[in-house]
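Peer 1: give me a 3D structure for the following:
(one chain, ligands or ions: 2)
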Amino acid sequence: MSQFEYRDGLLYAEDVALTEVAKKFGTPTYVYSRAHLEQQYNSYADALDGMPHLVCFAVKANSNLAVLNVLARLGAGFDIVSGGELERVLAAGGQANKIVFSGVGKTRAEMHRALQVGIHCFNLESLDELERLQEVAAELGVQAPVSVRVNPDVDAGTHPYISTGLKDNKFGIAIHEAEAVYQRAAQLPNITILGVDCHIGSQLTSLEPFLDALERVLILVDRLAELGINIEHLDLGGGLGVRYRDEEPPCAGDYIAQVRQRLAGRKLTLIFEPGRYIAANAGVLLTQVEYLKHSADKDFAIVDAAMNDLIRPALYEAWMDIKPVVPREGTPRHYDVVGPVCETGDFLGKDRPLCLQEGDLLAVCSAGAYGFVMASNYNSRGRAAEVMVDGEQMQVVRQRETIAELYANESLLPE
Ligand SMILES: Cc1ncc(COP(=O)(O)O)c(C=O)c1O
Ligand SMILES: N[C@@H](CCCC[NH3+])C(=O)O
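Peer 2: Ligands and ions are numbered 1, 2, ... in the order given. Presented below is the predicted three-dimensional model:
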């Protein structure tokens, strides 16, 4: 169910009209729905009811402290990929022992801190990382819990930039090489083997690739058992897609039902790392039309949000719906909706039938995941504000970045 619907000719986020958000906080502004975040998290947690599990929100999708806090209050765990994300989770009230740490480039300092706070598990992506983790854990005199991220070489059928489970991707360890890594891990005194992990890509719209990967991972689990290495948990990563346009991805309930069926009779804790599924449709980017520019061949709507605020259209040619906050009567024109950044690739949408006037508000939909987190200051543009709506309440959860903040850490050379 969407929390962004029209009522009496006005687009709302839950019970707050987006015109009110713009009036109070200006534009461009990311607007999130607490109810949507909760509903999506619960659809995972409910489907896992009755079996040991952890739903670890992929912090990379949206790392705003208020978003993390809403999920932490529901009992969520978190999937992190950096020391920065670790500190965010702790600052937002997340529990260290529900954190899994993914990523191909973990530094010694990051390992040190993660061990110190007692995270649930390191998802190892290489043999060298295993050796390094052993050293850091030995220095601290603690055990490091690990799971090996295996690369099952299945085609996730998604955009090449967001596919991660093929053998020529940088992620994970080829599944046929994993056995040797587990055997090595079993010899290391400060390493405790907990699980097997795999994540094959993002925005998957069918279950087959997930189930193919699961089948391959289970063969590995059985093989490891024969070697005397017992696996406690299976971490199946994130990747479940959402509707941006007309996709019909399966829901978490259907996905998990299929997984549970295949795991019948096994004693395994299940971990998932959903990002997009929880956050994408929990957010819109609210922006205002600055200029309408018409030429013989093209109509442009130049808005105050740009590729620095939301890079998905420019980077992946991602299609994101663009809705007028107060729709007008009249014959629409086909607009390219573009930002003020000096790049031809600076667009939020192309060829969109819209009826617009200067000053109109637009909502770029499905922007709650991989939106603000991928924002930059390109063209010396401060990053947008972020607002959380909860029923009739709205609260700024990140202030708009000021110009002074943009160069606060810079300095001039001496005379
Ligand atoms: C290891 C890992 N886990 C989880 C995710 C979250 O993916 P998604 O947002 O598609 O659920 C990603 C990103 O693709 C990832 O690399
Ligand atoms: N940033 C991507 C998803 C990357 C997934 C990260 N492993 C997107 O916006 O669709």
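
Peer 1: and for Cys251, the neighbour number?
Peer 2: Cys251 has 14 neighbouring residues, counting by other Cβ atoms under 10 Å. C-beta: built from backbone N, CA, C; applies to glycine.

Peer 1: actually Thr269, not the one I typed
Peer 2: 16.

Peer 1: repeat that for Ser411.
Peer 2: So Ser411, with other Cβ under 10 Å, has 6 neighbours.

Peer 1: am I right that it sits in a strand?
Peer 2: No - Ser411: not assigned to a strand; according to DSSP: H, G, I helix; E, B strand; the rest coil it is coil.

Peer 1: so that it lines up with my notes, have the first residue be 3 from now on.
Peer 2: Got it, the first residue is 3 from now on, which makes the last one we talked about Ser413.

Peer 1: who in the stretch 153-302 of the chain is up against ligand 1?
Peer 2: 166, 201, 204, 239-241, 275-279 (Cβ under 6 Å from any ligand atom).

Peer 1: who does the helix or strand bottoming out on mean pLDDT in the chain pair up with?
Peer 2: Least confident helix or strand of the chain, by mean pLDDT, DSSP states H and E, is strand 175-176 with a mean of 94. Here strand 175-176 is paired, per DSSP bridges, with strand 146-153 (parallel).

Peer 1: how far away is the closest residue to ligand 2 within the chain from Gln189?
Peer 2: Of all residues in the chain, the one sitting closest to ligand 2 is Tyr372 (3.1 Å; Cβ to the nearest ligand atom). Here the criterion is Cβ to Cβ, to the nearest Å. By it, Tyr372 lies 39 Å from Gln189.

Peer 1: which helices and strands does the top helix by length along the chain pack with?
Peer 2: Using DSSP state H to define each element, the chain has its longest helix at helix 210-228. For helix 210-228, the elements it packs on are strand 146-153, helix 177-189, strand 193-199, strand 235-237, helix 254-264, judged by 3 or more Cβ pairs under 8 Å, 6 or more residues apart in numbering; DSSP states H and E.

Peer 1: tell me which of those is the most buried.
Peer 2: strand 146-153 (a mean of 26; mean count of other Cβ atoms under 10 Å).

Peer 1: between that strand and strand 193-199, how many degrees?
Peer 2: 30 degrees (axes from the mean of the first three to the mean of the last three Cα atoms, to 10 degrees).

Peer 1: what is the mean pLDDT for strand 146-153?
Peer 2: The average of the pLDDT scores along strand 146-153 is 97.

Peer 1: orientation of it relative to helix 210-228 in degrees?
Peer 2: Using the same axes, to 10 degrees: strand 146-153 against helix 210-228 is 130 degrees.

Peer 1: how far off centre is strand 146-153?
Peer 2: Chain-centre distance of strand 146-153: 20 Å, with Cα atoms, centre = their mean, to the nearest Å.

Peer 1: again with stretch 273-287
Peer 2: The answer for stretch 273-287 is 6 Å, by Cα atoms, centre = their mean.

Peer 1: does it come close to ligand 2?
Peer 2: No - taking Cβ under 6 Å from any ligand atom as the criterion, stretch 273-287 and ligand 2 are apart, separated by no less than 6.8 Å.

Peer 1: mind listing what Ala116 touches?
Peer 2: 85, 88, 101, 103, 124 (Cβ atoms under 8 Å, 6 or more residues apart in numbering).

Peer 1: ignore the last one, Arg330
Peer 2: Here Arg330 is in contact with 357-359, 362 (Cβ under 8 Å, 6+ apart).

Peer 1: so can I have CSV of those showing distance to Gln136, pLDDT and neighbour count?
Peer 2: Below are the contacts of Arg330 laid out as CSV (distance: Cβ to Cβ, whole Å; pLDDT from 0 to 100; neighbours: other Cβ atoms under 10 Å):
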residue, distance to Gln136, pLDDT, neighbour count
Cys357, 63, 98, 14
Leu358, 60, 98, 21
Gln359, 64, 98, 10
Asp362, 59, 98, 19
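
Peer 1: burial count for the residue nearest to Ala158 when sequence neighbours are not counted?
Peer 2: Among residues not flanking Ala158 along the chain, Gly203 sits closest, at 3.2 Å (Cβ to Cβ, 6 or more residues apart in numbering). By the measure other Cβ under 10 Å, the count of residues near Gly203 is 27.

Peer 1: ditto for Ala303
Peer 2: Neighbour tally, Ala303, other Cβ under 10 Å: 25.

Peer 1: quick one: buried residues of the strand or helix carrying it?
Peer 2: Ala303 is part of strand 301-305, with elements assigned from DSSP states H and E. Neighbour-count burial for strand 301-305, counted by 16 or more other Cβ atoms under 10 Å, picks out 301-305.
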